[in-house]
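Participant: All I have is the shape, not the residue letters:
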């Protein structure tokens, strides 16, 4: 049902973004995510510019950033994002052992988050 | 309103866990979280044993694990967990610059997760 | 796996609600949502009565209401509701340009919500 | 605990953004949200630029956009965002009657979203 | 900041609902929740009628219903609802031991829900 | 895409857990969930041990526990968990009438949770 804007059907404005994505990511074809949000060109441009800026090596290297991105996507139950950032994280060096530990942390955090909420734990004076 | 089980009021079973936490964490007093879930001793024991096992250096070092834990806690809106794991992550070496980048990734992931859901983006063949 | 209660198999109580939905919505057949919750007739009746009352023109017109309904359904990751209220919103006059802007707002809100939570921003005195 | 970057302590980069916010919003002092995310200047700049672009009249007017922003903030349980966008929405013309209807829609959407998930309702053929 | 509609300031329409709540719950004063949603009288009336119908003994007794209500409220991070339904559940017979077990289940469910999502577990043929 | 670890391919460590699950649950084959998390053996072992301990009769009987587990899984939108714990709850004695009432409570809780958040209801003095 989702309309995907192919390169052929894209306006100049959209093609410029597609070209930049393909160059930066060294790929031949942009993924479905970009072709979907291209239905609203300002969202395509803004999202790509933000992502390009954020997902670069900085104080945190790209592997860690992709793992955090994946952890949040799983936490939000976004199936597309899990598939997409799972692939990106593996490409950036995440091993299956690392993924196993990431999942253990994500699951444990959800467990203790609910315990803290359920028991209404007050923040420790030392942390306030 | 929350009843916190102090060391003085704790049963032997609870004290044993408190002692192990204090030894492992090199602290004098367990934090409010442990004193709250101690109202149900099996939950205290099981949660501590799981946390001790998961939050150790492995394929991922403890700093990365604490940052993922913090990211999830923020994502879940758990105020206590944000305070507590913010402190743990900083203790494990997270700088303010790293935290700034972590937050940028968490916020961006939430933005694109919703775009992917809203546009109903189908998973790319290459990722399926 | 879900049992859908068809008009043929429905009790009088359920048929009465189906008839009212068909009349109000000017449709020949109630959608799967109603046929699923008809497994619990009191839920069917109560949900329809509430929806009929809420989703009428008031201080907000039906187009705005359907757009808010759609925004929440996307935010909650409910695939059925996204499909269903996406159709209702378009029927009530939402254009693709409007949907593009709605999605930009939903995505942006999720981004800044997480930033506010992660930085633990205190409510401004002027807003308290 | 949150460090708020005041105008006095801000770098030139941060002050430039603060000045633009004050001009655009016709206010004397930026709100706590901006002073908190100013701890990471690239996030401050990017967030403001995105918000300025998105929260302008377009196919949807600013009142509707602020109401959708508020609805999502409430749905996400973000207290700061509820206070802040509640004020913005009222400033943009949302009456208390409109807010009452907005809340009725938000609450109803959450109720039916869960019913759809719980009964595992398949998407109607007509919507697929 | 929230305007609470007291009995003195309430319209006849609102007072009628307040009276019914007080009678049904055998209390002298309705709780803040009702006084807050009374700002939108149709929401007050509809919510009370629904709650009265749902929260009665049926195939499930009221104690189990209140425990499920509490579990969901904790899961959603709603502080008011946790306080309010924690009190109702205890009044309906939930002991502290039962609450401890309820929390263990809630926390465990959150842990395994995330594991299932993260590993993208396909539904077993026997369950499909 | 998900790799499921079959009994044939499993290590001794994993087989030991599988055998214990099969014995405890009186089944011939462990479900996909266990075969998926077996990709990280410590997670398999820890999750099974926790689940075995928590999901036993206690102050709450197993039927109530499975219903709470199901309610949370639906609330979290976890499709696998809904299918799996829906089956477990029915096996433990949940009738369709009970499921209908469970869903009514879950849906109602979500509705009132959002109303309480949206109106920013302060906790009653009597509950604080």
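Facilitator: Cool, got the structure. Note that the coordinates shown come from a computational prediction; the quantities given were computed from them, not determined experimentally.

Participant: tell me, what residue is most central in chain A?
Facilitator: residue A:69 (4.4 Å; CA atoms, centre = their mean).

Participant: Would you tell me whether the helix or strand harbouring that residue gets close to chain F?
Facilitator: Element membership of residue A:69 [criterion: DSSP states H and E] is helix A:62-75. No. If you take CB under 8 Å from any CB of the partner chain as the test, helix A:62-75 misses chain F, and the best it gets is 10.1 Å. (C-beta placed from N, C-alpha, C; glycine too.)

Participant: near chain C at all, that helix?
Facilitator: No. Judged by CB under 8 Å from any CB, helix A:62-75 stays clear of chain C, getting no closer than 8.7 Å.

Participant: do that helix and chain E meet?
Facilitator: Yes. Contact of helix A:62-75 with chain E is found when judged by CB under 8 Å from any CB, involving A:74-75.

Participant: Could you give the number of residues near residue A:120?
Facilitator: 15 (other CB atoms under 10 Å in any protein chain shown).

Participant: so who does it touch?
Facilitator: Residue A:120 makes contact with B:1-2, B:36, E:79, E:82-83, according to CB atoms under 8 Å, 6 or more residues apart in numbering or on different chains.

Participant: Can you narrow those residues down to the ones near chain A?
Facilitator: B:1-2, B:36, E:79, E:82-83.

Participant: Any chance of these in TSV with pLDDT, distance to chain F and secondary structure as columns?
Facilitator: As requested, those are arranged in TSV below (pLDDT from 0 to 100; distance: CB to the nearest CB, whole Å; DSSP: H, G, I helix; E, B strand; the rest coil):
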residue	pLDDT	distance to chain F	secondary structure
B:1	60	7	coil
B:2	83	11	coil
B:36	98	17	helix
E:79	96	7	helix
E:82	97	9	helix
E:83	97	4	helix
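
Participant: Filter those residues down to the buried ones and hand me the PyMOL line.
Facilitator: Only the buried entries of those go into this PyMOL selection, using 16 or more other CB atoms under 10 Å in any protein chain shown:
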select buried, (chain B and resi 36) or (chain E and resi 79+82+83)
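
Participant: And chain C, is stretch A:37-47 touching that?
Facilitator: Yes. Applying CB under 8 Å from any CB, one finds stretch A:37-47 in contact with chain C at A:37, A:39-40, A:42-43, A:46-47.

Participant: Show me which pair in those is furthest apart.
Facilitator: Spatially, the most separated pair among the residues of stretch A:37-47 next to chain C is A:39 and A:46, at 13.8 Å (CB to CB).

Participant: the more surrounded of the two?
Facilitator: For residue A:39 versus residue A:46, the count of surrounding residues by other CB under 10 Å is larger for residue A:46: 22 against 19.

Participant: I'd like the distance between that one and residue D:115.
Facilitator: 35 Å (CB to CB, to the nearest Å).

Participant: what do you get for residue A:121?
Facilitator: 32 Å.

Participant: returning to what we had before: can you narrow the residues of stretch A:37-47 next to chain C down to the ones near chain B?
Facilitator: Checking these against chain B (CB under 8 Å from any CB), the matches are A:37, A:39, A:43, A:47.

Participant: Wondering if the helix or strand hosting residue A:99 reaches chain D at all.
Facilitator: In the assignment (DSSP H and E), residue A:99 maps to helix A:96-118. No. Helix A:96-118 is not in contact with chain D by CB under 8 Å from any CB; minimum separation 10.7 Å.

Participant: hmm, that helix in reach of chain C?
Facilitator: No. Remark: helix A:96-118 sits outside contact range of chain C, by CB under 8 Å from any CB, the gap being at least 12.5 Å.

Participant: quick one: average confidence on that helix?
Facilitator: Regarding helix A:96-118, the rounded mean pLDDT is 98.

Participant: List the contacts of the residue in chain A positioned nearest to chain F.
Facilitator: Going by CB to the nearest CB, chain F is nearest to residue A:100 of chain A, at 3.0 Å. Applying CB under 8 Å, 6+ apart, we find residue A:100 in contact with B:59, F:39-40, F:42-43.

Participant: again, only using 10 Å
Facilitator: B:58-60, E:118-119, F:37, F:39-44 (CB atoms under 10 Å, 6 or more residues apart in numbering or on different chains).

Participant: Chain D: which of those residues is nearest?
Facilitator: Looking across the contacts of residue A:100 and measuring by CB to the nearest CB, the closest to chain D is residue E:118, at 18.9 Å.

Participant: what's the distance between the residue in chain A that chain C sits nearest to and chain E?
Facilitator: Residue of chain A nearest chain C, by CB to the nearest CB: residue A:40 (3.0 Å). Distance, residue A:40 to chain E, by CB to the nearest CB, to the nearest Å: 28 Å.

Participant: What separation is there between that residue and residue D:107?
Facilitator: 29 Å.

Participant: So between those two, which is more surrounded?
Facilitator: Neighbour count, other CB under 10 Å: between residue A:40 and residue D:107, residue D:107 has more, with 28 against 22.

Participant: Figure out how far the host helix or strand of residue A:16 is from the centre of its chain.
Facilitator: Secondary structure from DSSP H and E places residue A:16 in helix A:12-25. Relative to its parent chain, helix A:12-25 has a centroid offset of 19 Å by CA atoms, centre = their mean, to the nearest Å.

Participant: Show me what that helix is packed up against.
Facilitator: helix A:32-37, helix A:41-54 (3 or more CB pairs under 10 Å, 6 or more residues apart in numbering or on different chains; DSSP states H and E).

Participant: thinking again about what came up before, now tabulate the residues of stretch A:37-47 next to chain C in TSV and tack on distance to residue D:11 and pLDDT.
Facilitator: Below are the residues of stretch A:37-47 next to chain C laid out as TSV (distance: CB to CB, whole Å; pLDDT from 0 to 100):
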residue	distance to residue D:11	pLDDT
A:37	33	98
A:39	38	98
A:40	34	98
A:42	29	98
A:43	30	98
A:46	24	98
A:47	27	98
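
Participant: domains for chain A, by residue range?
Facilitator: A:1-54, A:57-120 (automatic domain parsing).

Participant: Redo the ones you listed as JSON lines? Include distance to residue E:6.
Facilitator: Formatted as JSON lines, the domains of chain A follow (distance: least, CB to CB, whole Å):
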{"stretch": "domain A:1-54", "distance to residue E:6": "46"}
{"stretch": "domain A:57-120", "distance to residue E:6": "28"}
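
Participant: nearest to residue B:54, of those?
Facilitator: Of the domains of chain A, nearest to residue B:54 by CB to CB is domain A:57-120, at 4.9 Å.

Participant: ok, stretch A:102-114 near chain E or not?
Facilitator: Yes. Stretch A:102-114 reaches chain E (CB under 10 Å from any CB of the partner chain) through A:102-104, A:106-114.

Participant: Closest one to residue A:12 out of these, please.
Facilitator: Using CB to CB, those come closest to residue A:12 at residue A:102, 40.6 Å.

Participant: What number of residues are in the vicinity of that closest one?
Facilitator: 24.

Participant: could you give the angle of the helix holding residue A:16 to helix A:41-54?
Facilitator: Calculated by axes from the mean of the first three to the mean of the last three CA atoms, to 10 degrees, helix A:12-25 forms an angle of 20 degrees with helix A:41-54.

Participant: for helix A:12-25, which positions count as buried?
Facilitator: A:14, A:17-18, A:21.

Participant: tell me, how many neighbours does residue A:58 end up with?
Facilitator: By other CB under 10 Å, neighbour count at residue A:58 equals 17.
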